[in-house]
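[1] Need a 3D model of the sequence below.
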Amino acid sequence: MLEENLRKISEEIKNGNNLGEEITLVGATKFVGIDRINEAISLGLAHIGENRAQEFRDKLPFYLPCVKHFIGTLQKNKLKYVVGKADIIDSVSSVALAEDIAAAAEKLGVKQRIMVEINAGGEESKSGATFPDAKRICDFALGNANIALCGVMGMLPESDDTSLLSDLSEKLREFYDLLKKDAAEVKYLSVGMSSDYKIAIKHGSNAIRLGTALFGARY
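    From the prediction side, this is the model:
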């Protein structure tokens, strides 16, 4: 099933997004065993994304070579599990967290790649910054020597309203395009999960985070 799912998704995204940009597939690996993750990597999955800091810590020694994203909520007391170990921390949702990551990276003597997380629908149940706060995070990151801003991770609301999801995806794309004018190293606009990735890539997303669509139900 995994091989079939990966083949199907790869076929769907092979032509890129609506702007012709290549789409990066990040396998969302929360509660997925390391053997299954490594099977996906061996089949061609190049990027994985973990949600939980301790789960990331426990799996870290066993991943086959891949780009390791941390895509979950990150608390200050869990930074030691992630900073300098994840290739990219996608879920930076406040200036305070960006400051803490920068401080931890400085102590380790590394430059940590990060992305700013935006709660596009303003849902209280979801993490992520507002658009104005996201701009402040970006300004801080671009001026700090210990972190490198490489993208935006957008959280869309759970909704059947295609028009709403399309509009929010386009709003995230507008934010990303403005950011790229100030930071050429920004390359990822990660919008779209298993339920809405097809809409997201029609409206500018160039990275998607798929769990269920790739690995099947895990709960």
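
[2] A145: neighbouring residues, count only.
    9 (other Cβ atoms under 10 Å). For every residue, glycine as well, the C-beta is placed using N, CA and C.

[3] what does the one 4 residues further on give?
    Neighbour count for L149, taken as other Cβ under 10 Å: 23.

[4] For it, name its beta-bridge partners.
    Beta bridges link L149 to I114, judged by DSSP bridges.

[5] distance of it from F140?
    9 Å (Cβ to Cβ, to the nearest Å).

[6] same deal with L164?
    Taken as Cβ to Cβ, the span from L164 to F140 is 30 Å.

[7] In terms of neighbours, single out the busier of these two.
    The neighbour count for L164 versus F140, taken as other Cβ under 10 Å, is higher for F140 (19 against 15).

[8] contacting residues for the more buried one?
    Under the criterion of Cβ atoms under 8 Å, 6 or more residues apart in numbering, the neighbours of F140 are V95, A98, E99.

[9] One more: G154?
    E117, I118, A120, G128, L168, S169, L172, L189, S190, V191, A200, S205.

[10] just to confirm, which helix or strand has it in it?
    Using DSSP states H and E, G154 sits within strand 147-155.

[11] next helix or strand past that strand?
    Counting by DSSP H and E, the element after strand 147-155 in chain order, helix or strand, is helix 162-182.

[12] same for that next one, what does it pack against?
    For helix 162-182, the elements it packs on are helix 131-142, strand 147-155, strand 188-191, helix 197-202, judged by 3 or more Cβ pairs under 8 Å, 6 or more residues apart in numbering; DSSP states H and E.

[13] Show me which of these has the highest average neighbour count.
    Per residue and on average, the most neighbours among the helices and strands packed on helix 162-182 fall to strand 188-191, with a mean of 27 (mean count of other Cβ atoms under 10 Å).

[14] How far does that strand sit from its chain's centre?
    Here strand 188-191 is found 7 Å from its chain centre; the criterion is Cα atoms, centre = their mean, to the nearest Å.

[15] Can you give me the distance of I88 to H47?
    Counting by Cβ to Cβ, the gap from I88 to H47 is 9 Å.

[16] Neighbour count for the two, which is higher?
    In terms of neighbours (other Cβ under 10 Å), I88 is the more surrounded of I88 and H47; the figures are 24 against 19.
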